[in-house]
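Asker: everything below, folded, please.
(one chain, ligands or ions: 1)
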Amino acid sequence: MKLGVLISGRGSNLQAIIDAVADGRIPAAIAVVISNRFGAAGLQRARDAGIDTLYLNPRDYPDRDAYDAAVAAALQARHVDLVCLAGFMRLVGPRLLDEFPNRILNIHPSLLPSFPGLDAQRQALEHGVQITGATVHLVTSELDGGPIVLQAAVPVLPGDTVESLSARVLVEEHRIYPEAIRIVLQGGWTLAARRFVRVAAS
Ligand code: GRF
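Answerer: Next up, the predicted model:
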């Protein structure tokens, strides 16, 4: 099985995936890491691990469709089975979604459906919730709204800042993202309306 990972920045979730591939927790190889930002630190993490990297500049394309078609073509050329968004700060449009139906995962730093979109940890803190967390979900046309594969809860502590809360959420992100990738690759699941349902292995 082959993974394609899409990033925009730091790449700590990418690193968690690289580590899980290296120690066999994810039964797959990372075929390519694609970034929409030239200076994304995650590109260096990929190079350090000997993984093929690609920078695709959105400004080189007339619109989202054209950009997404280029991303899809790069993934298909490498026979990618599962696409993992790991801090990829762009909406994924139909040109990419249709190429990988139910084959694109995203990690989001809240317990969805609470706090979709940007700055989820700040949203949680400002709302005053006492528990937040992380969610891995299948990507659909609804922003942060696809079927949920795995979640982990993180308590909000008195005195938390966006930074301290984000750091604890990130620990859970790095734990559940490789696990969710393993579950999706392994198969034995189905979708019942919007529920991700794991069925008993036959
Ligand atoms: C993570 O918090 C992830 O949940 C969100 O963007 C951040 C990316 O961090 N989608 P990193 O680039 O994986 O370190």
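
Asker: give me the residue ranges of this protein where confidence is low.
Answerer: Regions of the chain meeting the criterion pLDDT under 70 cover residues 201-202.

Asker: helices along that one, start to end?
Answerer: Counting by DSSP state H, the chain has helices at residues 12-22, 41-48, 64-77, 94-97, 120-127, 162-186.

Asker: ok, the fifth one near the ligand or not?
Answerer: No. Using Cβ under 6 Å from any ligand atom, helix 120-127 never reaches the ligand; the gap is at least 7.6 Å. Bear in mind the C-beta positions are built from the backbone N, C-alpha and C, glycine included.

Asker: quick one: buried residues of that helix?
Answerer: 120, 121, 123, 124, 125 (16 or more other Cβ atoms under 10 Å).

Asker: number of nearby residues for the residue of the chain found nearest the ligand?
Answerer: In the chain, the residue that lies nearest the ligand is residue 87 (2.6 Å; Cβ to the nearest ligand atom). By other Cβ atoms under 10 Å, 21 other residues sit near residue 87.

Asker: hmm, residue 194 is touching residue 138, no?
Answerer: No. Counting by Cβ atoms under 8 Å, residue 194 stays clear of residue 138, with 9.3 Å between them.

Asker: higher neighbour count, these two?
Answerer: Ranked by neighbour count (other Cβ under 10 Å), residue 194 and residue 138 place residue 138 first, with 20 against 13.
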